[in-house]
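>>> this one's sequence-less:
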């Protein structure tokens with residue numbers, strides 16, 4: 001079994017070497033290169049454009065204006081000019097941002113939002129995912145999880161666990177990995193993106209209080225959620241409570257931004 005110990009030590013060494021820190025100070029596992037992520041972002045963005053019709057005119061100008069304002073307050077080392085923005089004709093109230101500098105917003109979100117401040121809360125959240133390297137972290141975590149499950153499978157076989165018992169053991173390990181690692185990890189990403197996004201929108205001169213109303217709109221729009229422990233996203237109530245807990249600081253940032261001339265007219 002010595003080779004398994006070496007494999008585990010080797011995997012741990014790679015993980016330690018690939019550790020980084022998120023903007024909130026949380027430790028991360030980031031195994032993928034920035035260029036690889038940018039390529040994946042470009043590929044995904046092209047796929048969206050092939051599958052969904054796009055909308056120009058006033059909706060696109062509005063989303064471009066909001067995106068430019070938010071991107072303009074990113075840290076200099078993470079700021080990327082000329083983000084590519086598209087509005088997609090889709091009733092789902094959704095948006096996304098991708099590594100490489102791509103933003104997509106559905107018409108369904110523009111219809112759900114009462115004003116540009118609410119749209120900014122979503123775009124800020126999505127840009128925060130890119131800023132915090134969540135795509136890299138999620139892919140890296142899944143890769144590390146698969147390595148761990150492979151090692152567990154070999155260990156089970158070496159211990160004489162075979163047939164239906166082996167299958168049940170591996171299924172239990174797989175569910176444990178999903179609900180114990182991957183889904184909670186995704187919830188931590190969403191919560192972190194809410195926190196960073198709130199600061200981004202406030203720094204850009206958008207009223208952070210709109211983020212709370214946006215999630216109330218989402219909740220009122222319907223669409224039941226699974227129990228939070230089974231979901232990749234926090235519940236609407238959890239998000240609203242967390243946003244409200246950070247609102248005092250966000251309002252201070254917002255007032256300072258407005259006094260400094262950040263008054264986006266989108």
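Cool, the structure landed. Treat the numbers as computed from the prediction; the structure is a model and nothing was measured.

>>> For stretch 211-224, which residues meet the burial criterion?
Neighbour-count burial for stretch 211-224, counted by 16 or more other CB atoms under 10 Å, picks out 211-215, 217-218. Every residue, glycine included, has its C-beta placed from N, CA and C.

>>> Contacts for it, please.
93, 112-114, 118, 121-122, 194, 197-198, 201, 236-237, 239-240, 243-244, 247 (CB atoms under 8 Å, 6 or more residues apart in numbering).

>>> Then stretch 105-119?
Contacts of stretch 105-119 (CB under 8 Å, 6+ apart): 55, 59, 62-63, 65-66, 85-95, 122-123, 201, 206-207, 209-211, 213-214, 217-218, 221, 264, 266.

>>> Which residue is the nearest non-sequential neighbour of the residue nearest in space to the middle of the chain?
Residue closest to the average C-alpha location in the chain (CA atoms, centre = their mean): residue 129, at 3.8 Å. Sequence neighbours aside, residue 193 is the residue nearest to residue 129 in space, at 4.9 Å (criterion: CB to CB, 6 or more residues apart in numbering).

>>> Among the contacts of stretch 211-224, name the ones in helices.
Among the contacts of stretch 211-224, the residues falling in helices (DSSP state H) are 112, 118, 121-122, 194, 197-198, 201, 236-237, 239-240, 243-244, 247.

>>> from these, which has minimum pLDDT?
Confidence by pLDDT is poorest for residue 236 among the ones in helices among the contacts of stretch 211-224, given 76.

>>> So residue 253 sits against residue 202, correct?
Yes: with contact defined as CB atoms under 8 Å, residue 253 and residue 202 form a contacting pair (4.1 Å).

>>> Quick check: neighbours shared by those two?
Counting by CB under 8 Å, 6+ apart, the contacts common to residue 253 and residue 202 are residue 208.

>>> Neighbour count for the two, which is higher?
residue 202 (30 against 19; other CB atoms under 10 Å).

>>> and that one, what is it in contact with?
Counting by CB under 8 Å, 6+ apart, residue 202 touches 208, 250-251, 253-254, 257.

>>> so which of the residues you listed is the most crowded?
Busiest of the contacts of residue 202 [other CB under 10 Å] is residue 208, holding 26 neighbours.

>>> Test my guess that that residue contacts residue 254.
Yes: between residue 208 and residue 254 there is a contact at 5.6 Å, judged by CB under 8 Å.

>>> any low-confidence regions in this structure?
Residues of the chain meeting the criterion pLDDT under 70: 1-19, 22, 29-30, 81, 143-185, 222-233.

>>> all strands of it, in order?
Counting by DSSP state E, the chain has strands at residues 19-21, 27-29, 54-55, 84-88, 95-98, 102-106.

>>> Out of the buried residues of stretch 211-224, which comes closest to residue 32?
residue 211 (29.6 Å; CB to CB).

>>> rewinding a little: which of the contacts of stretch 105-119 are buried? Put it as a PyMOL command.
Buried subset of those, written as a PyMOL selection, criterion 16+ other CB under 10 Å:
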select buried, resi 55+59+62+63+65+66+85+86+87+88+90+93+95+122+123+201+206+207+209+210+211+213+214+217+218+264+266
